[in-house]
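>>> Curious how this folds, go ahead:
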Amino acid sequence: LQRQVEEQHNQAQQAQRDGQIEGLAYEQDVERLKTEITLFTSITGIKWDFDSPDIVGFVSDPNKKVVRRFEYKTNDLSKFDLADKLWGDIAISKSPSVNTEVPMQQTC
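Now for the predicted structure:
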């Protein structure tokens, strides 16, 4: 009986260690994803409106002090077409001559 208790105890300790390792891996994945999202946001200039049921947000270029709004209905476009439109919005906001921009507001 003593041997069974020790074996159960060892299994419980191993399970706890495995859980801690899985928890650590999860935390590392979360941090990696946060870093990637920050990088993608910085590169693309996209700010998402997460409250909207559709694909809504702004593409900005702080260097040119312009913001371009976009809004696409989720059912109107394929994923490919949606990605193509978003890349087009990004390209327009980054191009040297943008005609459809809204000046950025100064914040203090």
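
>>> Sketch out the low-pLDDT regions of this structure for me.
For the chain, the stretches with pLDDT under 70 are 1, 20-21, 97-108.

>>> ranges for the strands of it?
Using DSSP state E, the strands of the chain run over residues 46-48, 55-61, 66-72, 102-103.

>>> Pick the most deeply packed of those.
strand 55-61 (a mean of 19; mean count of other CB atoms under 10 Å). C-beta coordinates here come from the backbone N, C-alpha and C atoms, glycine included.

>>> would CSV of the strands of the chain with distance to Lys79 be doable?
Listed next are the strands of the chain as CSV, based on distance: least, CB to CB, whole Å:
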stretch, distance to Lys79
strand 46-48, 16
strand 55-61, 11
strand 66-72, 11
strand 102-103, 27
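
>>> out of those, nearest to Glu31?
strand 46-48 (20.2 Å; CB to CB).

>>> So for Ser95, which of the strands of the chain sits nearest?
strand 55-61 (9.3 Å).

>>> Show me what the closest one pairs with in its sheet, parallel or antiparallel.
Sheet pairing here is set by DSSP bridges, and for strand 55-61 it gives strand 46-48 (antiparallel), strand 66-72 (antiparallel).

>>> could these be laid out in CSV, adding distance to Val59?
CSV is the format used below for these (distance: least, CB to CB, whole Å):
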stretch, distance to Val59
strand 46-48, 6
strand 66-72, 5
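
>>> What separation do you get for the residue nearest to the spatial centre of the chain and Ile46?
Centroid check for the chain by CA atoms, centre = their mean gives Ile37 as the closest residue, at 4.1 Å. Separation of Ile37 from Ile46 (CB to CB, to the nearest Å) stands at 10 Å.

>>> what does Phe80 give?
Counting by CB to CB, the gap from Phe80 to Ile46 is 18 Å.

>>> burial measure for Gly45, as a count.
Each residue near Gly45 was counted by other CB atoms under 10 Å, and the total is 21.

>>> Equivalent analysis for Asp49, please.
13.

>>> who's in contact with it?
Counting by CB atoms under 8 Å, 6 or more residues apart in numbering, Asp49 touches Val56, Gly57, Phe58.
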